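J.: sequence isn't available, so here's the structure alone:
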């Protein structure tokens, strides 16, 4: 659920993607940016989903166990923030000025995706037996 919602957020493309699409000059035979973006978006979504969203959702549900869905969501977003910073830093974006815009974009899109996961994980008080 969270991966599908994450992919749907790319209906509005991020600024870095629009910049990449227009970096090659017109008439350049290697101007395959639009085709490359068709592959880059699903691969970036899959990578972010596996490395950040799934662990954040699982850890958020575990850290927020026997608490409200909002606490689970807050825990998941906090874990996602830390994991995504670690992922971006490991990809070589190690200066704060270069990491902040893509990190913020990923966090907004990831948080929207995590709401889908938390909606699935929600439970009404008393509907889940303790234990």
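T.: That came in fine, so what should we check first? Fair warning: this is a prediction, and the values are worked out from it, not measured in the lab. Numbering: from 1, shown residues only.
J.: quick one, helices of this structure?
T.: Under the criterion DSSP state H, the chain contains helices at 2-8, 15-21, 33-48, 54-63, 69-90, 96-121.
J.: residue 27 is nearest to which of those helices?
T.: Closest to residue 27 of those is helix 33-48 (C-beta to C-beta; 13.5 Å). To be clear about C-beta, it is placed using only N, CA and C from the backbone, and glycine gets the same treatment.
J.: hang on, the earlier thing: redo the helices of the chain as a markdown table? Include mean pLDDT and distance to residue 27.
T.: What follows is the helices of the chain, written out as a markdown table (pLDDT from 0 to 100; distance: least, C-beta to C-beta, whole Å):
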| stretch | mean pLDDT | distance to residue 27 |
| --- | --- | --- |
| helix 2-8 | 69 | 32 |
| helix 15-21 | 67 | 16 |
| helix 33-48 | 75 | 14 |
| helix 54-63 | 87 | 43 |
| helix 69-90 | 88 | 34 |
| helix 96-121 | 80 | 29 |
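J.: just send those helices back as a markdown table, with mean neighbour count too.
T.: A markdown table is the format used below for the helices of the chain (neighbours: other C-beta atoms under 10 Å):
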| stretch | mean neighbour count |
| --- | --- |
| helix 2-8 | 18 |
| helix 15-21 | 12 |
| helix 33-48 | 13 |
| helix 54-63 | 18 |
| helix 69-90 | 18 |
| helix 96-121 | 17 |
